[in-house]
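# Give me a 3D structure for the following:
(chains A and B)
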Protein chains: 2
Amino acid sequence: MEIIQKESITEIINEIDLVPEIERGFIAYSNGESVVPPIGELVFDHPPGDVHIKYGYIFGDSFYVIKIASGFWENEKYGIPNGQGMMLLFNRRTGQPEALLLDDAILTDIRTAIAGQICVSKFSNKINKIGVLGTGVQARLQVQYLKSITQSREVVVWGRDARKVNDYKRDISDQGFEVTLGNSPKDVASKCNLLITATSSREYLLSKNDILEGTHINAVGSDTVGKRELGPGIIKKADIVIADSIVQCQERGEISCAIKDGDTATKNIFELGDVLSGKVQGRELGTQITVCDLTGVSVQDIKIATAVFNRYMEKKNEI
Amino acid sequence: MEIIQKESITEIINEIDLVPEIERGFIAYSNGESVVPPIGELVFDHPPGDVHIKYGYIFGDSFYVIKIASGFWENEKYGIPNGQGMMLLFNRRTGQPEALLLDDAILTDIRTAIAGQICVSKFSNKINKIGVLGTGVQARLQVQYLKSITQSREVVVWGRDARKVNDYKRDISDQGFEVTLGNSPKDVASKCNLLITATSSREYLLSKNDILEGTHINAVGSDTVGKRELGPGIIKKADIVIADSIVQCQERGEISCAIKDGDTATKNIFELGDVLSGKVQGRELGTQITVCDLTGVSVQDIKIATAVFNRYMEKKNEI
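Residues are numbered from 1 along each chain as shown, chains lettered A, B, ... in the order given. Modelled structure (predicted):
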């Protein structure tokens, strides 16, 4: 069994093109060519925390993958990252353990950012400015992963915490973007035709009338029950609504909120994998409003872990 | 994170007394002092196999534990063990990974054998002969783990496969037992007041009238839906029936079969942890028939993994 440290993983990520891998994962998922059981969960008190176990396999692949990811909110008091994570690969034909990827959850961050990039490619108009709600890891990575697919280098950011907003401005400016601060989520929406919502908000930040014609929204922040960034009516107003997983978005994410509002039924919602395979159209008109609800699907983990491991072994055999 | 190899684990197991650990696990479980979610499962075809993910924690413990165990039945064609397994320990306060125990499923074998020993201690009359159905790992380990709690060194074994029965006789004789062969399960039951059923049978092997007064049965083989060793009426006839987990034995194991037969309701069944904590009596009369249905509970995994890791760190710090 290979034990792969974070340093190797970080190095490998820059050497391989993960976008087609993640795309193939979404397509397999929407084609029913994967087995993705319900997420396993452990909840803790004193200190509070939760653990999620995501696992599954794609038909024809060589490995099954288990991801263990936790969030313990008081860790930062002690200088320990709140999020902890690892992925395990097993031989799909024998069950033998093949690799432990000690990625500290960075592969989850990256596969999420790549899903965002894929959605922007398929649905966004030519980007004038990139609007971002939030200042955390995804608020950063989603922008960084747009560099290769857009000329736009203008970011308008909004966040609740002034210090974090300034840190964000400094860091993203260092990456070659021109960052200005939005006064409010509405202000950001008024200036940008691409919106990335990447907060952990439990109350919605954008209202229906804030969203202009021709806007694309990547809704990334709301990944569990109770989180919400888009206000009532936004999903209904959108011309095209896409879920990474319809089943999962019925339970969590913006679509689940819209269903509770009585604003949509999942029959009006399409799955990202079906867009990527060509079964469903992407944006057709410049005036359309489009929304992608990204809650994170195991096939992304399976594909990124497999790609990293394959490259790792390739490099090992080169030596 | 510590990566602990099978060799170290095997060494450590012989240095520590695991019985009280496993007992504390059962007591915590029956007291509601543990969190043990439903088992996660992946099923494969071509080649066939299944993976089980068992996980949880005990209140007050330092770690949460995840066990990954698989069975791929065609492995033996290629000289690879069918069963594969590992356990992972994580810090319960921060989620940080602490240890990977590459035990190849031996810790599961041992914690199962220890549960058997605990049941014999509590329920068996003075053993005349040890009756064993089956010739596999548990048919061996259950006997081996009785050595410390009984003077009896007489084993009567029955198995379907003559070659495997002879291997069993040779190996168990080497461990200081006098092994004779039973002609049938009934024959074994007629000669022994302790019966260990440890086959993977899908049809029952023992009938109600085979079971004599004063017999204790450790039913170990039936751990998943579809497996069964005890015939209709045995659970009903028994004076005391014990489950390692009532909830789990409603779904799988001998008790689930008896419930389907209409032979019992779980209100007549007690839990091992409640016997160990003194809430429920063990055997009261020499004539009673007692049955323990052992399907395997995560608390056993949690306790054995924690004990092995603690001892490992103790030894490491001694150096």
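# The stretch 1-150 of chain A: helices as residue ranges?
Secondary structure of the stretch 1-150 of chain A (DSSP state H, counting those that start in this stretch): helices at A:6-13, A:18-30, A:106-123, A:137-144.
# mind giving me a markdown table with those helices and columns for mean neighbour count and mean pLDDT?
(Each C-beta comes from the backbone N, C-alpha and C, glycine too.) Below are the helices of the stretch 1-150 of chain A laid out as a markdown table (neighbours: other Cβ atoms under 10 Å in any protein chain shown; pLDDT from 0 to 100):
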| stretch | mean neighbour count | mean pLDDT |
| --- | --- | --- |
| helix A:6-13 | 16 | 97 |
| helix A:18-30 | 22 | 98 |
| helix A:106-123 | 22 | 97 |
| helix A:137-144 | 22 | 96 |
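# mind listing what the closest residue to chain B within the stretch 101-250 of chain A touches?
Distances between the stretch 101-250 of chain A and chain B by Cβ to the nearest Cβ are smallest at A:Leu102, namely 6.8 Å. Contacts of A:Leu102 were listed using Cβ atoms under 8 Å, 6 or more residues apart in numbering or on different chains, and they are A:Ile3, A:Ile4, A:Gln5, A:Lys6, A:Ile9, A:Met86, B:Met1, B:Pro97.
# Show me which of the residues you listed has the smallest pLDDT value.
The lowest pLDDT within the contacts of A:Leu102 belongs to B:Met1, with 92.
# helix or strand right after the worst-scoring helix or strand of chain A on mean pLDDT?
Least confident helix or strand, chain A: helix A:246-251 with a mean of 91, by mean pLDDT, DSSP states H and E. Next helix or strand after helix A:246-251 toward the C-terminus (DSSP states H and E): helix A:254-261.
# Can you tell me how far the residue of the stretch 101-250 of chain A closest to chain B is from A:Ser222?
According to Cβ to Cβ, to the nearest Å, A:Leu102 stands 28 Å off from A:Ser222.
# tell me which parts of chain A are close to chain B?
Residues of chain A lying near chain B by Cβ under 8 Å from any Cβ of the partner chain: A:1, A:3, A:35, A:37, A:40-44, A:47, A:49, A:51, A:53, A:55-57, A:64, A:66, A:68, A:70-72, A:75, A:78, A:80, A:84, A:86, A:88, A:90, A:92-97, A:100, A:102.
# please redo it, this time with the cut-off set to 7 Å
Proximity of chain A to chain B is confined to A:1, A:3, A:35, A:37, A:40-42, A:44, A:47, A:49, A:51, A:53, A:55-57, A:64, A:66, A:68, A:70, A:72, A:75, A:80, A:84, A:86, A:92-97, A:100, A:102 under the rule Cβ under 7 Å from any Cβ of the partner chain.
# So for A:Gln175, which of the helices of the stretch 1-150 of chain A sits nearest?
A:Gln175 lies closest, by Cβ to Cβ, to one member of the helices of the stretch 1-150 of chain A: helix A:137-144, at 6.2 Å.
# what separates that closest one from the chain centre, distance-wise?
Taking Cα atoms, centre = their mean, to the nearest Å, one finds the center of helix A:137-144 at 10 Å from the center of the full chain.
# packing partners for it?
Helix A:137-144 is packed against helix A:106-123, strand A:130-133, helix A:162-174, with contacts defined by 3 or more Cβ pairs under 7 Å, 6 or more residues apart in numbering or on different chains; DSSP states H and E.
# one more time with 10 Å, if that's ok
Applying 3 or more Cβ pairs under 10 Å, 6 or more residues apart in numbering or on different chains; DSSP states H and E, one finds that helix A:137-144 contacts helix A:106-123, strand A:130-133, strand A:154-158, helix A:162-174, strand A:194-197.
# strand partners of the second one, parallel vs antiparallel please.
Going back to what we said before, that points to strand A:130-133. strand A:154-158 (parallel), strand A:194-197 (parallel) (DSSP bridges).
# quick one: average pLDDT of the last one?
Okay, so that is strand A:194-197. 98.
# chain center to that strand, what's the gap?
From the chain centre to the centre of strand A:194-197 is a distance of 12 Å (Cα atoms, centre = their mean).
# The helix or strand following that strand pairs with which strands, parallel or anti?
Sequence-wise, the next helix or strand downstream of strand A:194-197 (DSSP H and E) is strand A:216-219. Strands adjacent to strand A:216-219 in the sheet, as given by DSSP bridges, are strand A:194-197 (parallel), strand A:290-293 (parallel).
# Which SSE is immediately downstream of strand A:216-219?
The helix or strand immediately downstream of strand A:216-219 is helix A:234-237, counting by DSSP H and E.
# what's the helix or strand following that next one packed up against?
Toward the C-terminal end, the helix or strand that comes next after helix A:234-237 (DSSP H and E) is strand A:240-243. Helices and strands touching strand A:240-243, by 3+ Cβ pairs under 10 Å, 6+ apart, are helix A:106-123, strand A:216-219, helix A:246-251, helix A:254-261, strand A:269-271, helix A:272-276, strand A:290-293.
# go again using 6 Å as the cut-off
If you count contacts as 3 or more Cβ pairs under 6 Å, 6 or more residues apart in numbering or on different chains; DSSP states H and E, strand A:240-243 packs onto strand A:269-271, strand A:290-293.
# what would these look like in CSV with mean pLDDT and distance to A:Lys129?
Converted to CSV, those look like this (pLDDT from 0 to 100; distance: least, Cβ to Cβ, whole Å):
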stretch, mean pLDDT, distance to A:Lys129
strand A:269-271, 96, 27
strand A:290-293, 97, 17
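# so of those strands, which one's packed in deepest?
strand A:290-293 (a mean of 26; mean count of other Cβ atoms under 10 Å in any protein chain shown).
# who touches A:Asp263 in this structure?
Residues in contact with A:Asp263 (Cβ atoms under 6 Å, 6 or more residues apart in numbering or on different chains) are A:Ile235, A:Lys236.
# mind checking the SS state of it?
coil (DSSP: H, G, I helix; E, B strand; the rest coil).
# Nearest the geometric middle of chain A, what residue?
Central residue of chain A (Cα atoms, centre = their mean): A:Thr112, 2.8 Å from the mean position.
# what's the spacing between that residue and B:Glu314?
Separation of A:Thr112 from B:Glu314 (Cβ to Cβ): 41 Å.
# For A:Ala265, give me the pLDDT.
We have a pLDDT of 80 for A:Ala265.
# Contact partners for it?
By Cβ under 6 Å, 6+ apart, the contact set of A:Ala265 is empty.
# One more: the one 10 residues further on?
The neighbours of A:Val275, taking Cβ under 6 Å, 6+ apart as the test, are A:Lys122, A:Gly282.
# One more pass at 8 Å, please.
Counting by Cβ under 8 Å, 6+ apart, A:Val275 has contacts A:Lys122, A:Ile242, A:Gln281, A:Gly282.
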